[in-house]
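A.B. asks: here is a sequence together with a model predicted from it:
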Amino acid sequence: LVPIGLALVIATVLNGLISPDMKARLVFLRWNHALPGHRAFTMYAGRDPRIDLSALKTKFGDPLPVDPIEQNQVWYRIYRTMENDPAVRQEHRDFLLTRDYTWLSVIFFVLYGITGMYEIPSMKIGLIYLGILALQYIVVRQAASNYGIRMVTTVLARFGPKEGPVR
């Protein structure tokens, strides 16, 4: 149990080394306006058939916000009314887990990659190992991105016509 406990403590400390904003940058590969809520209406709402755009326009005005900061603010106000919805909670948990794992996979790539290149006697095997670590980041980053976008669209979709104005 000691190694498991130690691994948990180390993972928790490593996970706390950078801000949630930096983790979002690693996931969405954007320096500014990295959160998916920054593109909630201009990019994601129109692509999801579950979302009633006319109801959103009625509640928030037509046109919907286009400024990334305003989009995120409006989306977050909606999220706060929906955060206890089971579907939204599950999407949020999945996003946070994979977002944090994305950061840890970057740490793994750097630390284990350097160690592997030094300790593995075969350059070919070392490069394969480095490739596997890079693939881990790519796959986990894509999953986190998908979960983040799905969380944004699920909030908008679940915020139905029965809800009152949020402004």
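C.D. replies: Good, I have the coordinates.
A.B. asks: how much space between Thr154 and Arg25?
C.D. replies: Per C-beta to C-beta, to the nearest Å, Thr154 is found 23 Å from Arg25. Where you see a C-beta, it was placed from the backbone N, CA and C, and this is true even at glycine.
A.B. asks: hey, which helix is longest across the chain?
C.D. replies: Looking across the chain with DSSP state H, the single longest helix is helix 123-158.
A.B. asks: quick one on the thing from earlier: Thr154 and Arg25 - which one has more neighbours?
C.D. replies: Thr154 (21 against 16; other C-beta atoms under 10 Å).
A.B. asks: state the pLDDT value of that one.
C.D. replies: Note on Thr154: pLDDT of 94.
A.B. asks: run through the chain and note the low-pLDDT ranges.
C.D. replies: 1, 160-167 (pLDDT under 70).
A.B. asks: host element of the residue of the chain most remote from its centre?
C.D. replies: Centroid-distance maximum for the chain: Pro121 at 37.0 Å, with C-alpha atoms, centre = their mean. Using DSSP states H and E, Pro121 is not contained in any helix or strand.
A.B. asks: that one and Tyr129, how far apart?
C.D. replies: Pro121 sits 12 Å away from Tyr129, going by C-beta to C-beta.
A.B. asks: Leu53 touches Tyr44, doesn't it?
C.D. replies: No - counting by C-beta atoms under 8 Å, Leu53 does not reach Tyr44; the two are 11.2 Å apart.
A.B. asks: list the contacts for the residue lying closest to Tyr76 once chain neighbours are set aside?
C.D. replies: Ranked by C-beta to C-beta, 6 or more residues apart in numbering and with sequence neighbours excluded, the top spatial neighbour of Tyr76 is Gly37, at 6.1 Å. By C-beta atoms under 8 Å, 6 or more residues apart in numbering, Gly37 lies in contact with 71-72, 75-76, 79, 152.
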